[in-house]
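K.L.:
return a 3D structure for these sequence lines:
(one chain, ligands or ions: 1)
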Amino acid sequence: MTALLLALGVAILLVCLGLGLWYALPRRFVEVGSVAAAYDRWTNDQLLERLWGEHIHLGYYGLPRRRRDFRQAKVDFVEALAHWSGLDQLPPGSRLLDVGCGIGGSSRLLAQRYGFELLGVSISPGQISRAQALTDAPGPCRFAVMDALALDLPDASFDAVWTVECAPHIADKQRFANELLRVLKPGGLLVAADWNQRDDRQRPFNGLESWVLEQLRVQWAHPAFSSIASFSANLEASGQPLEQLRTGDWSRETLPSWGDSVLEGLRRPGAVLSLGPTALLKGLREVPTLLLMRWAFARGLMQFGLFRVQLQSSTQSSTVSSVMG
Ligand SMILES: C[S@@+](CC[C@H](N)C(=O)[O-])C[C@H]1O[C@@H](n2cnc3c(N)ncnc32)[C@H](O)[C@@H]1O
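P.N.:
Modelled structure (predicted):
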């Protein structure tokens, strides 16, 4: 009995210590370099890849939700988003840009499934080296270090732009929207999926919600979250001739991902423990943020926003300008 109480006391102490460290040592966004440094660390220690595989995004579980392997759910996410947005209708050989490509999981899948040519860009040199190491070369996928706010790419050079879970790391959302649309050819398609906060013009955040949002920002180098409405407004304000802007909300379809992110550590203990004791601590450090994310998405404080928009084709643009002119 005494031993049990002692073990319980130690466990409570460790949890309190862990929570204290989590709260006291956030990873704030300071400037774009803090995002690059955070992803370099998350890539080089291999923990994220061992647990989440090559896709650093949520999984898709459908509605009604079906149980499935987390990694399979991530593959299903890419295919479901390609279908939802109509990307899967583009012909093989289409040129795609994957902005905030992680270690290239989605880029490789889009190339393999649909025959597209991909350029994946990330702000993290560590991720780009890893993406290149995981990819056959020469092949349809290339990767480069690039800032999404200053893409070193010509105007009108891609048939489609794909960006998943990158925008929360970006401070200047309008410039981000402008860059994504600038590199699209006339008639090109933008597909974006991101963590968004509820539109607080409809219902302001209460004290608890504001505190949770602050933790979700400072723990994972997020300067700010858009709402679905505000990022739609950024796209519309880009000055590009848009048509068919459509949004969606997959908060419910992706919700089991947060629990699965934590459970992967228990399902694959060897993946963590083989990296040494610090990996265990690093893994435990992410648990409070993952649980807060789950709470926020389940409550509607956060929303998994989808965006799909096409640039007008050149014939439409010239018709519009001749009508306007
Ligand atoms: C959550 S990860 C998503 C990775 C990838 N889209 C996937 O689904 O596997 C966010 C990605 O955005 C990238 N990112 C964040 N800020 C960026 C910026 N300013 N320019 C380019 N990439 C950026 C990060 O380096 C990382 O690759």
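K.L.:
can you list phi and psi of Ala144 for me?
P.N.:
Here is the backbone geometry of Ala144 (degrees, to the nearest 10): phi -150, psi 150.
K.L.:
contacts only, for it.
P.N.:
Leu119, Gly120, Val121, Ile128, Asp152 (CB atoms under 8 Å, 6 or more residues apart in numbering). To be clear about C-beta, it is placed using only N, CA and C from the backbone, and glycine gets the same treatment.
K.L.:
show me the strands in the protein, by range?
P.N.:
For the chain, applying DSSP state E gives strands covering 95-99, 117-122, 141-145, 158-164, 184-197, 242-249, 302-311.
K.L.:
any chance of those in CSV, plus distance to the ligand and mean pLDDT?
P.N.:
Output for these, formatted as CSV (distance: least, CB to the nearest ligand atom, whole Å; pLDDT from 0 to 100):
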stretch, distance to the ligand, mean pLDDT
strand 95-99, 6, 98
strand 117-122, 4, 98
strand 141-145, 8, 98
strand 158-164, 4, 98
strand 184-197, 9, 98
strand 242-249, 17, 96
strand 302-311, 13, 98
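K.L.:
quick one: low-confidence parts of the stretch 201-325 of the chain?
P.N.:
Residue ranges of the stretch 201-325 of the chain with pLDDT under 70: 315-325.
K.L.:
let's go with 90 and repeat that
P.N.:
Counting by pLDDT under 90, the stretch 201-325 of the chain contains low-confidence residues at 202, 244, 265-266, 268-285, 314-325.
K.L.:
now do the helices in it.
P.N.:
Per DSSP state H, counting those that start in this stretch, the stretch 201-325 of the chain has helices spanning 207-219, 228-236, 251-254, 256-267, 269-273, 277-299, 314-324. These are given in chain order.
K.L.:
quick one: residues in contact with the second one.
P.N.:
Outside of helix 228-236, the residues that reach it under the criterion CB under 8 Å, 6+ apart are 167, 173-174, 176-177, 181, 190, 192, 194, 196, 199, 201, 226, 242, 245, 247, 249, 303, 305, 307, 309.
K.L.:
do the fourth one as well
P.N.:
Helix 256-267 is contacted from outside by 51-52, 58-59, 61, 65, 67, 70, 73, 271-272, 283, 286-287, 290-291, 293-294, 297, using CB under 8 Å, 6+ apart.
K.L.:
mind checking which of the contacts of helix 228-236 are buried?
P.N.:
By neighbour count, with 16 or more other CB atoms under 10 Å, the contacts of helix 228-236 hold 167, 173, 176-177, 181, 190, 192, 194, 196, 226, 247, 303, 305, 307, 309 as buried.
K.L.:
so Met146 sits right up against Cys166, yeah?
P.N.:
No - counting by CB atoms under 8 Å, Met146 sits too far from Cys166 to count as a contact (11.7 Å).
K.L.:
the two: which has the busier surroundings?
P.N.:
Using other CB atoms under 10 Å as the criterion, Met146 and Cys166 rank with Cys166 on top: 24 against 20.
K.L.:
mind listing what the more buried one touches?
P.N.:
If a contact means CB under 8 Å, 6+ apart, then Cys166 has Val99, Gly100, Ala148, Asp194 as its contacts.
K.L.:
can you list those residues in TSV and add distance to Lys185?
P.N.:
What follows is those, written out as TSV (distance: CB to CB, whole Å):
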residue	distance to Lys185
Val99	16
Gly100	21
Ala148	19
Asp194	23
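K.L.:
most neighbours among those residues, which one is it?
P.N.:
Neighbours here are counted as other CB under 10 Å. On that basis the top member of the contacts of Cys166 is Gly100, with 29 neighbours.
K.L.:
show me the contacts for that one.
P.N.:
Counting by CB under 8 Å, 6+ apart, Gly100 has contacts Val121, Ser122, Ile123, Ala148, Thr163, Val164, Glu165, Cys166, His169.
K.L.:
who's the closest spatial neighbour of the first one, skipping the chain neighbours?
P.N.:
This means Val121. For Val121, ignoring the flanking residues on the chain, the nearest one in space by CB to CB, 6 or more residues apart in numbering is Met146 at 3.9 Å.
K.L.:
can you tell me how far the one you found is from the ligand?
P.N.:
In this structure, Met146 lies at 6 Å from the ligand, with CB to the nearest ligand atom, to the nearest Å as the measure.
K.L.:
what residues are up against that residue?
P.N.:
Residues near Met146 by CB under 8 Å, 6+ apart: Val121, Ser122, Ile123, Asp152, Leu153.
K.L.:
swap in 10 Å and give it another go.
P.N.:
Counting by CB atoms under 10 Å, 6 or more residues apart in numbering, Met146 makes contact with Leu97, Val99, Gly100, Cys101, Leu119, Gly120, Val121, Ser122, Ile123, Ile128, Asp152, Leu153.
K.L.:
one more: Ala160?
P.N.:
The neighbours of Ala160, taking CB under 10 Å, 6+ apart as the test, are 82, 85-87, 90, 94-98, 110, 116, 118, 184-185, 188-191, 310.
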